[in-house]
Every structure is written in C-alpha cells, then in structure tokens.
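Quick one, structure for this:
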Amino acid sequence: MRILVVEDEHKIANSIKKGLEQELYAVDLAYDGEDGFGLAATEDYDLIILDLMLPKMDGMEICAKLRQEEKIHTPILILTARDQIDDKVKGLNLGADDYLTKPFSFAELLARVRALSRRPKNGLNTLLSVGDLSLDTLSFEVKRAGKRVALSKREFSLLEYLLRHKGRILTKEQIISHVWDYDADVLPNTVEVYIGYLRKKIDKPFKNKPSLIQTVRGFGYKIG
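Numbering: from 1, shown residues only. Got it, this is the predicted structure:
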C-alpha cells in the first residue's frame, strides 16, 4: 500500500513516515502544498495524509482541487492543529474522509489509516466494469455476459485492481504492491500465474467475445 504524507513540519512528517514504514507501508513525503498537490494529482496512492496549514497551497485547497477538478477519489485523512468544529466540517464537506487533530498518538493514526484503506478507492463507485464484464465490490459478484464467474479471493483482488485502472498498463511491481501484502514472498512470475488464472475464467470460456486482459510485452498488463 502506497501513502502520500503532505506535512510541512519535517519532524512530524518524518516521524509518520518512519512509523508507517515500520508497518510495511510505502510512504512518499511532500513538505509544501504545491509539491503535495503535484504528487497527489499525478501519482497513484492508496491514501493521502494531508495537513491543513501548509505553505504555497493549503490543505483545504488541495482537497477541493483533487475532488472537484482532478476527480481523484483517493481517501484523504486530514491532520491539523485546529480543533474548531467549523474547520472539521469544512474539510469533510470538501471531500476529506477523516479528520485527526494534533497532537495525536501514532496508534490512533495507524488505526484510521487501516480503516480508510479498507474503503473502496473510488468512493461510491462499487460496481466496476469493462465491456460485458462487471465486478461488484460489495457483493463480491463477478459476471461476464450475464454469467457469474467464480474467483478466489486473490483473483478477485487482482481483477478489481485491473478494473480500477482499466485501459492503463500496470507493471508486475505495481500489481504486487497493491494486491499482495508486503510481507508476502511474491515473485514476478506469481503475477503471470494469476493473470493466467483470470484468463482461464473471464476470457477463455467466452470464445466469441474479445479477450479483455492484454499483455503489453516488456511493460505489464492492462484490461480493456
């Protein structure tokens, strides 16, 4: 899981990074609003931890632009020294998912990170599809051409990740970091094996339909 921390107080930012990395998360840091917005808008993160009081661009503006202009629905956890109710309400109304007031314990931060990471990344979009293939993240139902397709938990996670990035080439490294736990002993060949499992279930049985999972040699895989 990849996390972006946008925090101008270096001591706090580095402490959060160190603690999250000990929990096996991959963490990027930005120390001002412009750098934070640039990373959030161009890189693929599973969670953004965002301070409100930032130089160059404040957290409220970052949150609003990500949601309204960039249409990015990555979960956002706001950190701030402010404790006024109206600030909390404003942040949540702009699209933030949770709010943590400084000072806070790392244990509470970690609990909130874990809770947010379990939410669907695309907010209310729990039904993903491409062509005649659909996946429901709430019922865990997968269908192609109206026919149910039974997948294992890992196959389902892999297909969900592909669908959330449909049309985009994903490297084996990206797939491993988002579909498998960091403590799992996974080799690049493992991705090939599971891609093969998916093809046997969503492509090969539908001989009159186009193949949805594509290999882009030298780069990775994409769906669409």
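
Could you look up the SS state of Asp86?
helix (DSSP: H, G, I helix; E, B strand; the rest coil).

wait, I meant Leu92
helix.

go on, the one 3 residues further on?
Following three-state DSSP, Gly95 is assigned to coil.

now do Pro55
On the basis of three-state DSSP, Pro55 is classed as coil.

Tell me how many other residues crowd it.
Residue neighbour count, defined by other C-beta atoms under 10 Å, stands at 11 for Pro55. Backbone N, C-alpha and C define where each C-beta goes, glycine included.

Now it: closest residue in space that isn't a chain neighbour?
Asp32 (4.6 Å; C-beta to C-beta, 6 or more residues apart in numbering).

quick one: the one you found and Met57 touch, right?
Yes: using C-beta atoms under 8 Å, Asp32 makes contact with Met57 at a distance of 7.4 Å.

about what we covered before: can you list phi and psi of the residue nearest to Pro55 for me?
phi -150, psi 170 (degrees, to the nearest 10).

and if you look at Gly220?
Per degrees, to the nearest 10, the backbone of Gly220 is at phi 160, psi -140.

now it: how far from Lys200?
19 Å (C-beta to C-beta, to the nearest Å).

more crowded one of the two?
Gly220 (18 against 11).

what about that one, distance to Asn189?
Distance from Gly220 to Asn189, by C-beta to C-beta: 14 Å.
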